[in-house]
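>>> Quick one, what's the 3D model for this:
(one chain, ligands or ions: 4)
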Amino acid sequence: MAVEQRVTYCRICEALCGLIATVEDGRLHSLRPDPDNPLSRGRACPKGIAFTDIQNDPDRVLSPLRRRPDGTFDEVSWDEALGDIAGRLTRIVATHGGGAVGQYFGNPIAFGYATGIWSGLFLTRLGGHHQYSSGSQDINSRFVASKLLYGAASQVPFPDLPRTDFLFMLGANPLVSHGSGVRTPRVKDDLSAITRRGGRVVVVDPRRTETARAYEHVPVRPDSDAWLLLSMLHVIFEEDLADTAALDRQTTGWRALRDLTRAFPPEQTQVRTGVAPDILRTLARDFASAPAAVAYGRTGACLGRHGTLVCHLLDALSIVTGNLDRAGGMLFARAVVPLEDVGEKTGKMTYDTARSRVGGLPEVISTYPAALIAEEILTPGEGQLRALFVTAGNPVLTVPNGPMLEKALGELDLLVSLDLYVNETNSHADFILPATTFLERYDVPYSFANCSPTVFVQATEAVLAPYGQARNEWEVFDELARRMGLSLFATGPLERFNGVLSWLDRRGFGRMTPRRLVEVLMRIGPYGDRFGLRRNGINPRKLRANPHGIVLSEHAPTGIRDEAVKLPDGKVSLAPAEILAEVERLGERHPDNPDLPLMAIGMREVRSQNSWMHNSPTLMKGDRRHRARIHPSDAAAAGLAEGATVRVTSEYGAIETEVRITDEVAPGTVAIPHGWGHKGGWQLANRSGGANVNELMSNDAADLERLAGMSVLNGVAVRIEPVDVAALPHPGT
Ligand SMILES: Nc1nc2c(c(=O)[nH]1)N[C@H]1C(S)=C(S)[C@@H](COP(=O)(O)OP(=O)(O)OC[C@H]3O[C@@H](n4cnc5c(=O)[nH]c(N)nc54)[C@H](O)[C@@H]3O)O[C@H]1N2
Ligand SMILES: Nc1nc2c(c(=O)[nH]1)N[C@H]1C(S)=C(S)[C@@H](COP(=O)(O)OP(=O)(O)OC[C@H]3O[C@@H](n4cnc5c(=O)[nH]c(N)nc54)[C@H](O)[C@@H]3O)O[C@H]1N2
Ligand code: SF4
Ligand SMILES: [Mo]
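Ligands and ions are numbered 1, 2, ... in the order given. A predicted model of the protein is given here:
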């Protein structure tokens, strides 16, 4: 028996922890943390280790599936599947034009560099513009804030955790999520090191989360962060705590921002936020006077009714206190693989260059709100969506109003999915194509991996040959293009990479693959060897020789604002018109609905990954069920006992799930995890019950966050009531 240990890294979440795979005769035996990975140093979370269950899952799709009229699937050959898909697509494009074709790409795409580029090229080559992603349920508001502040949608500034004295964290729970928008595989160590050296970690969150519990918690009412941040800025300006020298040097518009905050003293915003003015004032003063401080937020900041504004104000807090682009503050990312730089330089990281057909919402880096997919399918007329590719996504569970999307998917002329499983979305597909897992492909991280306080790079070869007939996603798009007689590179978006491409051509590199592209970019990038011109630079050979990864610099660079900010004057724009208008709109909040007195927010669980790891026996061990967290007083008022079934009703839908009574949520707040309520090909997941919280969310264009078209998933008005009368508490017991 051939047993081998192979060094690689996990691509489930942004920590990208180092892993060692034990491979026996071509099959994965087990995964363990890599002690020699310089960043994760022998740490991995339960999901990373349990990925063995996914890799070897008997429910995994390992050959192409084609739908039969009765809704079941036949296994077919790749040749047959691709031939059939190419033929059907060709007919759709001939009849309705390329504008009828679209794609949704899910979260796992962000962990590899190849699929996004190739599927994007394919769609653009067809003339399609219906592009959607999980980003509109995740981070697009952050991208838009960056576009407005820095002129660069790809700049997601991150906290310099190893050197900060004050981390102000709003709407993130890294002890569970392991960090997002900042790469910090040993996040617990990084946060505790801050307090150990005398600094502070303050967590603003409606729930007393795992992270809030470990540090200082400031409870806040859901979706009130804009008011809270405006008040913090108010205090900082009012008490002359702003670093005006830095503001003059680095920014424009700071006086307009200051004037704007005048209307938001903490005494007035308390009714929204629930934060006492003295607490807020002290917090603002402490933040401003810390030697180095940084404000950081993630999905809790991004998914409310004013997500873009909140992201903007969070950055403003760091900037106004002179903490931008300096040690211990908020840092710009300099990409090891400058893929997105190419996009920025060639004007491809766009915002609002076009509007959606339905709802008129702006594109964000060429994608539209995924909440609109259902209506784009159902609304007749020019540009109606008729053929959809779903790659590594499960929008029926992760996008608002899954039931409507499910119905709409059935109206498509063609639905093709590339996935590991039959999930709740692609169970409606005409074809499910088996994709490789991350262990079955070469990778080098880019994008968010650059948001790393220590500059680091690691590349990995595939540690396993694809199981069954699984194929790399990019190869599927490459092959479909070939069968349809399309060249992905002749014209279209790869014109952006034209310099690189013609260079490759001249050197006789042959067939263009994503790996070639990425290796060239890495070599010409800021840490690259420039093909021999820079001796210490990295190249593919060095990466192969250092499989645990290479620390390129202990600290991320500072003083790079000129390079990072892409606005014409090179300065950060603190008061763009869009943001000013959004502050104006803060007044026009939905009136409170007395029938829906509670507010639902999301939460993540250590042993879940959105909707797709509930089929792992290891992760589902014990008492794992879907539960809504409800405060004892709300539970009592509704007559709900621990473990009872609760009906949660919003303006848009209702779900039933189990109650978990806990004072970690404040009265009036209900925290419900997403990604449950399974009915796919994953048998254990199906048996685990639970409900799809996104049935409570609105997919109406008018309800989406206006600047980025974000789904509003936090702070959603609901009411609760018992379902099972038998489970009501007995008087006297
Ligand atoms: N209410 C609420 N809803 C939310 C959120 C929330 O906080 N609250 N969070 C949102 C966020 S942040 C996100 S990112 C989205 C996620 O939304 P999605 O990306 O739509 O959903 P996932 O559950 O991540 O599903 C990923 C799919 O990809 C498959 N997969 C896994 N690895 C691979 C691979 O390597 N290749 C291929 N082809 N397939 C693969 C899985 O089997 C699964 O079917 O959910 C969003 N929805
Ligand atoms: N274990 C695990 N890890 C994951 C994932 C997973 O599903 N499971 N998903 C991955 C993905 S796709 C992502 S994008 C990241 C997300 O990474 P994080 O954003 O760090 O993850 P969350 O746990 O959703 O943290 C969001 C926090 O915002 C809070 N919140 C909700 N509403 C509000 C509000 O109105 N105001 C404020 N201030 N806070 C609010 C929630 O209570 C929650 O604690 O996690 C990644 N890591
Ligand atoms: S924290 Fe867990 S899921 Fe995320 S990269 Fe590390 S091992 Fe993988
Ligand atoms: Mo996400």
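>>> Can you name the residues that contact the one residue in the stretch 201-350 of the chain that gets nearest to ligand 2?
Closest residue of the stretch 201-350 of the chain to ligand 2, C-beta to the nearest ligand atom: Gly300 (2.2 Å). For the C-beta atoms, the positions are set from N, CA and C on the backbone; glycine is no exception. Gly300 is in contact with Leu170, Gly171, Ala172, Asn173, Asp205, Asp225, Ile601, Asn714, counting by C-beta atoms under 8 Å, 6 or more residues apart in numbering.
>>> Is it in a helix, a strand, or coil?
Secondary structure, DSSP: H, G, I helix; E, B strand; the rest coil: Gly300 is helix.
>>> And it, how close does it get to Ala635?
23 Å (C-beta to C-beta, to the nearest Å).
>>> so how many other residues sit close to the closest residue to ligand 2 within the stretch 501-650 of the chain?
Evaluated by C-beta to the nearest ligand atom, the stretch 501-650 of the chain has Arg604 as its residue closest to ligand 2, separated by 3.5 Å. Residues near Arg604, counting by other C-beta atoms under 10 Å, number 19.
>>> hang on, it packs against Ser177?
Yes. The pair Arg604 / Ser177 is scored as a contact, 5.3 Å apart, by C-beta atoms under 8 Å.
>>> Tell me which residues touch the residue of the stretch 451-600 of the chain found nearest ligand 3, please.
Residue nearest to ligand 3 within the stretch 451-600 of the chain (C-beta to the nearest ligand atom): Gln458, separated by 11.9 Å. Taking C-beta under 8 Å, 6+ apart, we find Gln458 in contact with Tyr9, Leu16, Gly18, Asn37, Val444, Pro445, Leu543, Asn546, Pro547, His548, Gly549, Ile550.
>>> Kindly report the residues of the stretch 201-350 of the chain close to ligand 1.
Applying C-beta under 6 Å from any ligand atom, we find that the stretch 201-350 of the chain lies next to ligand 1 at Thr299.
>>> let's see it at 8 Å
Within the stretch 201-350 of the chain, the residues that sit near ligand 1 (C-beta under 8 Å from any ligand atom) are Thr299, Leu303.
>>> interface residues of the stretch 201-350 of the chain facing ligand 2?
Checking the stretch 201-350 of the chain against ligand 2 by C-beta under 8 Å from any ligand atom, the hits are 204-207, 209, 211-212, 220-225, 228, 297-304, 310.
>>> From Met599, how far off is Arg719?
Taken as C-beta to C-beta, the span from Arg719 to Met599 is 11 Å.
>>> Neighbour count for the two, which is higher?
The residue with more neighbours, out of Arg719 and Met599, is Met599; 23 against 18, by other C-beta under 10 Å.
>>> Any figure for the gap between Val271 and ligand 1?
For Val271, the distance to ligand 1 equals 26 Å [C-beta to the nearest ligand atom, to the nearest Å].
>>> for Glu382, same thing?
Counting by C-beta to the nearest ligand atom, the gap from Glu382 to ligand 1 is 28 Å.
>>> Under a three-state scheme, what state does the closest residue to that residue other than its chain neighbours occupy?
Sequence neighbours aside, Gly99 is the residue nearest to Glu382 in space, at 7.5 Å (criterion: C-beta to C-beta, 6 or more residues apart in numbering). Secondary structure assignment for Gly99 (three-state DSSP): helix.
>>> how about Gly99, what does it touch?
Gly127, Gly128, His129, His130, Glu382, Gly383.
>>> Just the residues you listed: which are in strands?
Those of these mapping onto strands are His130, per DSSP state E.
>>> follow-up on the earlier one: export the contacts of Gly300 to a markdown table and tack on distance to ligand 3, neighbour count and secondary structure?
Shown next, in a markdown table, are these (distance: C-beta to the nearest ligand atom, whole Å; neighbours: other C-beta atoms under 10 Å; DSSP: H, G, I helix; E, B strand; the rest coil):
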| residue | distance to ligand 3 | neighbour count | secondary structure |
| --- | --- | --- | --- |
| Leu170 | 21 | 24 | strand |
| Gly171 | 19 | 27 | coil |
| Ala172 | 14 | 24 | coil |
| Asn173 | 13 | 22 | coil |
| Asp205 | 20 | 25 | coil |
| Asp225 | 26 | 30 | helix |
| Ile601 | 22 | 24 | strand |
| Asn714 | 22 | 25 | coil |
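>>> so who does the residue of the stretch 151-300 of the chain found nearest ligand 1 touch?
Closest to ligand 1 within the stretch 151-300 of the chain is Thr299: 5.2 Å, counting by C-beta to the nearest ligand atom. Thr299 sits next to Asp138, Ile139, Gly171, Ala172, Ser180, Gly602, Asn714 when contact means C-beta under 8 Å, 6+ apart.
>>> Now do the fifth one against ligand 2, distance only.
Put plainly, it is Ser180. 4 Å.
>>> Verify the contact between that residue and Met169 for me.
No. Ser180 is beyond contact range of Met169, at 11.5 Å (criterion: C-beta under 8 Å).
>>> Got the phi and psi for the nearest residue to Glu705 once chain neighbours are set aside?
Leaving aside its sequence neighbours, Glu705 sits nearest to Gly307 (C-beta to C-beta, 6+ apart; 5.0 Å). The phi/psi pair for Gly307 (degrees, to the nearest 10) reads phi -50, psi -40.
>>> now swap in Leu574 and tell me
Phi and psi for Leu574, reported as degrees, to the nearest 10, are phi -80, psi -20.
>>> mean confidence for stretch 624-636?
Stretch 624-636 carries an average pLDDT of 98.
>>> May I have it as PDB, with CA atoms only?
Extracted as PDB, the C-alpha positions of stretch 624-636 are listed here (Å, rounded to 0.1, in the frame of the first residue of the first chain):
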ATOM      1  CA  ARG A 624     -26.500  19.400  16.100                       C
ATOM      2  CA  ARG A 625     -29.700  20.900  15.000                       C
ATOM      3  CA  HIS A 626     -30.900  24.200  13.500                       C
ATOM      4  CA  ARG A 627     -32.000  26.500  16.300                       C
ATOM      5  CA  ALA A 628     -33.200  30.100  16.700                       C
ATOM      6  CA  ARG A 629     -31.600  31.900  19.700                       C
ATOM      7  CA  ILE A 630     -34.200  33.800  21.600                       C
ATOM      8  CA  HIS A 631     -34.000  35.900  24.800                       C
ATOM      9  CA  PRO A 632     -35.700  34.400  27.800                       C
ATOM     10  CA  SER A 633     -38.100  37.300  28.100                       C
ATOM     11  CA  ASP A 634     -39.200  37.000  24.500                       C
ATOM     12  CA  ALA A 635     -39.500  33.300  24.800                       C
ATOM     13  CA  ALA A 636     -41.700  33.700  27.900                       C
END
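>>> so where's the chain uncertain?
Along the chain, segments meeting pLDDT under 70 span 490-510, 589-591, 724-733.
>>> Can you give the domain ranges for it?
3-55, 65-128+369-443+455-553, 140-334+568-584, 590-727 (automatic domain parsing).
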